[in-house]
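Student: this one's sequence-less:
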């Protein structure tokens, strides 16, 4: 029988590591018409840890009521909530550049 995808992924992670890296470029036009771009590069040793931190950080903001219940794009969140979430998810990151 074929190996399960989950088993195969865990085996590969053990052999080569489970590093997760991401780059996000956000561009907007400011009030003067000039384009502004912000780039975030982040890398964690372990994808599961990274996802867990992000989920827990968002849930904590829900409990603190800085984020109303629902589904949100990061840009829709209040500045304080976004900052708190980003501060928590950078824990354990070996690359964090903005």
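Tutor: Yep, that arrived. This one's a predicted model, so the numbers in the text were calculated from it and none came from an experiment.

Student: Can you list the residue ranges for strands in the protein?
Tutor: With DSSP state E as the definition, the chain shows strands at residue ranges 20-29, 35-44, 93-97.

Student: Which among these is found nearest to residue 72?
Tutor: Each of the strands of the chain has some distance to residue 72 by CB to CB; the shortest is strand 20-29, at 15.4 Å. Any C-beta I mention is one placed from the backbone N, CA and C, and that applies to glycine too.

Student: quick one, the closest one and strand 93-97 angle?
Tutor: The directions of strand 20-29 and strand 93-97 differ by 20 degrees, with axes from the mean of the first three to the mean of the last three CA atoms, to 10 degrees as the criterion.

Student: What residues sit buried inside strand 20-29?
Tutor: Across strand 20-29, burial judged by 16 or more other CB atoms under 10 Å covers residue 20.

Student: Just checking: what are the partner strands of that strand?
Tutor: The strands beside strand 20-29 in its sheet (DSSP bridges) come out as strand 35-44 (antiparallel).

Student: confidence score at the most centrally placed residue in the chain?
Tutor: Most central in the chain under CA atoms, centre = their mean is residue 54, positioned 5.6 Å from the mean C-alpha point. Here the pLDDT value assigned to residue 54 is 85.
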